[in-house]
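Trainee: quick one: sequence plus predicted model below, questions after.
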Amino acid sequence: MKKGIVLCLILVMVLAVSTFGQRYERHETLYAGGGLWEPPSNWNPMQPWGAVSGTIGLIYETLFTYDPITDTLSPWLAHEGEWVSDHIYRLKLRDGIQWSDGKLMTADDVVFTFTLPGKFPSVHFRSLWEQFESVVAVDPLTVYFTFSNPRYHEWSWQLYQIPVLPKHLWENLTETQVLAASNEGNVIGSGAYLFETYDLDRMIYLRNENWWAKTHLGMEVAPKRVVYIRALSNNVMLGMIMKGEELDVSNFFLPGIPAIKGPYDIHTWYEGEPYMLSDNTAFLFANNTKAPLDDPILRRAIAFAINSEEICRRVFEGMVLPSNTMGFLPSDGWMKYYIEEVAEAFGFSYDPAIAKKLLDDAGYRVTAGGMRVTPDGKPFKLEIIVPFGWTDWMESIRIIALNLRAVGIDAEARFPDYAGYFEQLSTGDYDLAINNFNSRLSSTPWTLYNWLFHDIYDDLATSGNFQRYMKDDIPDLIDQFNEIKMDDLEQGRKIMAQIQELYLTQMPAIPLWYNGMWFQANTNVWQNWPGEMNENKSYPTTWAGTWQLGGLQMLTQIYPKQ
């Protein structure tokens, strides 16, 4: 078997064959995957949730980039940006940036992009538009953003989220073309790569030899082509990363990595446990509007009953860590707002004895069958849902159900298909559910709380607040936190302390573990992958909408194996 793999590797080091019969030089071609589960069909940067991975970051670029490793927001398309007063932000573009059709990028492109919600109200960053009094280009490279009520944390996040559009190609598009079309045939950006072609199982990007960063920043991406592979199954991807033939770098969750990383030269961020960086937090959402889960004492008891360490060990093979009591990711950008005194006074940890005492004291008595009834004597059973096929989460909620039954709470794991799962989340027709969709690492923990307590429209929770928390106390404090300047850490911590005390006493959703920044790289073709012990410290992500967090920088530091 090993001889066969070696022979394959010798061949693919020279040539790789795409689904088109096109031959690519192997040492110039990077095969990546982890964020494409359907055939590529959308390259619209105004639909970041649906665009093929690389649309934003490789083709369309943002004004700033953010490095989660160092908690650094850095100018990118922008040469600089600063608050010149409490309400005015001045931004200067780099001079000489070209769109891939040869036109120069100017301040007018920035104004057009950021004022697009004024033309089409359904643009996804409308909440930012509502803060502006004006957005004005005062010269070809300078834009003044004047805010009526600046939300500083949200602005710092949006600076590296919103891709700048070429006005000359987008200004005459209809609302349908901007918000619903695939954008195929109009994929003109400023980034390091160009749209080359695609097939049912891959997207292929070709290096932009005229990329502005080569002269402005002295940066150049090493791979001539990036071939982004569609996932067929985790097992197929595991086999591909082991061989390294058509998968060099993976952001898939691949079980078994601790066992095979040595024999197959698989590189991970950490050499040993936990192997992976922490990228987002998995929460157990409890339906706050459904009895008896509308009782915060029951929700706190559930938090004490769950053994997240066992889940991390048994399900994730030691590749992830249990969450802290607040769900805060262990990064400098978030932990500076983690209030230890509040966590110690009101937090939780796995302790079935405390869970039982909370339930006993609140009147949830145990019946002859061993399961508890509500304080008014009614039996109850809690269903925990995750999508069918999400095997790691499926096994996790089986453990959680056992944990709850151990303290007398009747619980059962259920596995609807994804459409049914999300419909139950959105409509509030569920008891308990795991979700992590927008708990990702960012420049501010405002993004986490904004997701957890997002407004519910038309009685549908499609963008967060799946627990359906209906009080104003925490959301009001989150708004206050958002309006504190990023450098006013003292005032930010004061407000955060209030949020965290309310959060832990109400326990609307329970943080469980940190989902990994799944990163595995085969070292047979490309070398100098990011890692704890390597000089390359780029955040190793290729997921959609995250290339500007380090994925692109990773491509400037790897090089082909001789």
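Mentor: Ah, there it is.
Trainee: who touches Pro560 in this structure?
Mentor: His27, Glu28, Ala222, Val525, Trp526, Gln527 (CB atoms under 8 Å, 6 or more residues apart in numbering). Using the backbone N, CA and C atoms, a C-beta is placed for each residue, glycine as well.
Trainee: the stretch 401-550 of the chain: helices as residue ranges?
Mentor: Secondary structure of the stretch 401-550 of the chain (DSSP state H, counting those that start in this stretch): helices located at 418-427, 446-452, 473-482, 489-506.
Trainee: just name the most buried of these.
Mentor: helix 446-452 (a mean of 23; mean count of other CB atoms under 10 Å).
Trainee: what is that one packed up against?
Mentor: Here helix 446-452 touches helix 152-158, helix 473-482, going by 3 or more CB pairs under 8 Å, 6 or more residues apart in numbering; DSSP states H and E.
Trainee: reformat the ones you listed as JSON lines; add mean pLDDT.
Mentor: Below are these laid out as JSON lines (pLDDT from 0 to 100):
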{"stretch": "helix 152-158", "mean pLDDT": "98"}
{"stretch": "helix 473-482", "mean pLDDT": "98"}
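Trainee: Tyr205: what secondary structure?
Mentor: strand (DSSP: H, G, I helix; E, B strand; the rest coil).
Trainee: what bridges to it?
Mentor: With DSSP bridges applied, Tyr205 shows beta-bridge pairing to Phe195, Val226.
Trainee: for it, what are its contacts?
Mentor: Counting by CB under 8 Å, 6+ apart, Tyr205 makes contact with Gly54, Leu58, Ile59, Tyr193, Leu194, Phe195, Glu196, Arg225, Val226, Val227, Tyr228.
Trainee: buried subset of those?
Mentor: Gly54, Leu58, Ile59, Tyr193, Leu194, Phe195, Arg225, Val226, Val227, Tyr228 (16 or more other CB atoms under 10 Å).
Trainee: so what's the first one bridging to?
Mentor: Pointing back at Gly54 there. Counting by DSSP bridges, Gly54 forms beta bridges with Gly57.
Trainee: state the distance from it to Val187.
Mentor: Here the distance between Gly54 and Val187 works out to 10 Å (CB to CB, to the nearest Å).
Trainee: same check on the last one?
Mentor: Summarising the geometry, the distance separating Tyr228 from Val187, computed by CB to CB, is 14 Å.
Trainee: which parts of the stretch 151-300 of the chain are strands?
Mentor: According to DSSP state E, counting those that start in this stretch, the stretch 151-300 of the chain carries its strands in the segments 193-199, 202-207, 225-229, 249-250, 266-267, 277-286.
Trainee: skipping adjacent residues, who's closest to Ser182 in space?
Mentor: Leaving aside its sequence neighbours, Ser182 sits nearest to Asn42 (CB to CB, 6 or more residues apart in numbering; 5.0 Å).
Trainee: that neighbour is in contact with Leu179, isn't it?
Mentor: No: Asn42 lies out of contact with Leu179 (CB atoms under 8 Å); the separation is 11.8 Å.
Trainee: could you pull out the helices for the stretch 51-200 of the chain?
Mentor: Along the stretch 51-200 of the chain, the stretches classed as helices by DSSP H, counting those that start in this stretch are 107-114, 116-119, 126-129, 152-158, 167-170, 175-179.
Trainee: model confidence over the last one, on average?
Mentor: Model confidence over helix 175-179, given as mean pLDDT, is 96.
Trainee: please apply the same query to the second one.
Mentor: For helix 116-119, the mean per-residue pLDDT is 97.
Trainee: what's next to it, contact-wise?
Mentor: Here helix 116-119 has contacts from Met46, Val123, Phe125, Arg126, Leu128, Trp129, Leu165, Val178, using CB under 8 Å, 6+ apart.
Trainee: now the terminal residues of stretch 24-36, how far apart.
Mentor: Distance across stretch 24-36, first residue to last, is 21 Å (CA to CA, to the nearest Å).
Trainee: from the chain's centroid, how far away is it?
Mentor: Its chain's C-alpha centre and that of stretch 24-36 lie 22 Å apart, by CA atoms, centre = their mean, to the nearest Å.
Trainee: please apply the same query to stretch 257-275.
Mentor: Between the centre of stretch 257-275 and the centre of its chain there are 23 Å (CA atoms, centre = their mean).
Trainee: what comes up buried for it?
Mentor: In stretch 257-275, counting by 16+ other CB under 10 Å, buried: Ile257, Pro258, Lys261, Tyr264, Ile266, His267, Thr268, Trp269, Pro274, Tyr275.
Trainee: what does stretch 162-174 give?
Mentor: Buried residues in stretch 162-174 (16+ other CB under 10 Å): Ile162, Pro163, Val164, Leu165, Pro166, Lys167, Leu169, Trp170, Leu173.
Trainee: cool, and stretch 396-407?
Mentor: Residues of stretch 396-407 classed as buried: Ser396, Ile397, Arg398, Ile399, Ile400, Ala401, Asn403, Leu404, Val407 (neighbour count, 16+ other CB under 10 Å).
Trainee: that older thread, just the closest of the contacts of Pro560 to Glu245, please.
Mentor: Lowest distance from Glu245 to the contacts of Pro560 (CB to CB) belongs to Val525, with 9.1 Å.
Trainee: dump the helices of the stretch 401-550 of the chain to JSON lines, plus distance to Ala343.
Mentor: Below are these laid out as JSON lines (distance: least, CB to CB, whole Å):
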{"stretch": "helix 418-427", "distance to Ala343": "28"}
{"stretch": "helix 446-452", "distance to Ala343": "15"}
{"stretch": "helix 473-482", "distance to Ala343": "16"}
{"stretch": "helix 489-506", "distance to Ala343": "7"}
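Trainee: to Ala345, which of the ones you listed lies closest?
Mentor: helix 489-506 (7.8 Å).
Trainee: okay, the closest one in CSV with CA atoms only?
Mentor: Extracted C-alpha coordinates of helix 489-506, given in CSV (Å, rounded to 0.1, in the frame of the first residue of the first chain):
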residue,chain,number,x,y,z
LEU,A,489,-11.4,48.9,27.5
GLU,A,490,-12.3,50.1,31.0
GLN,A,491,-15.8,51.2,30.1
GLY,A,492,-16.3,48.2,27.8
ARG,A,493,-15.5,45.8,30.7
LYS,A,494,-17.9,47.6,33.0
ILE,A,495,-20.8,47.0,30.6
MET,A,496,-19.6,43.5,29.8
ALA,A,497,-19.7,42.6,33.5
GLN,A,498,-23.4,43.5,33.6
ILE,A,499,-24.1,41.5,30.4
GLN,A,500,-22.2,38.5,31.7
GLU,A,501,-23.9,38.4,35.1
LEU,A,502,-27.3,38.6,33.5
TYR,A,503,-26.3,35.9,31.0
LEU,A,504,-25.1,33.5,33.6
THR,A,505,-28.1,33.9,35.9
GLN,A,506,-30.6,33.6,33.0
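Trainee: counting contacts, what elements does that helix pack onto?
Mentor: helix 296-305, helix 340-346, helix 473-482.
Trainee: let's see 10 Å
Mentor: helix 296-305, helix 340-346, helix 446-452, helix 473-482 (3 or more CB pairs under 10 Å, 6 or more residues apart in numbering; DSSP states H and E).
Trainee: to Thr541, which of the ones you listed lies closest?
Mentor: The nearest among the helices and strands packed on helix 489-506, by CB to CB, is helix 446-452 at 15.7 Å.
Trainee: Ile302 touches Ala411, doesn't it?
Mentor: Yes: contact criterion CB atoms under 10 Å: Ile302 and Ala411 qualify, at 8.9 Å.
Trainee: and for those two, which residues touch both?
Mentor: Leu382, Ile400, Asn403, Leu404, Leu432 (CB atoms under 10 Å, 6 or more residues apart in numbering).
Trainee: between the two ends of stretch 44-52, how far is it?
Mentor: Using CA to CA, one end of stretch 44-52 lies 8 Å from the other.
Trainee: in that stretch, what counts as buried?
Mentor: So for stretch 44-52, counting by 16+ other CB under 10 Å, buried means Asn44, Pro45, Met46, Gln47, Pro48, Ala51, Val52.
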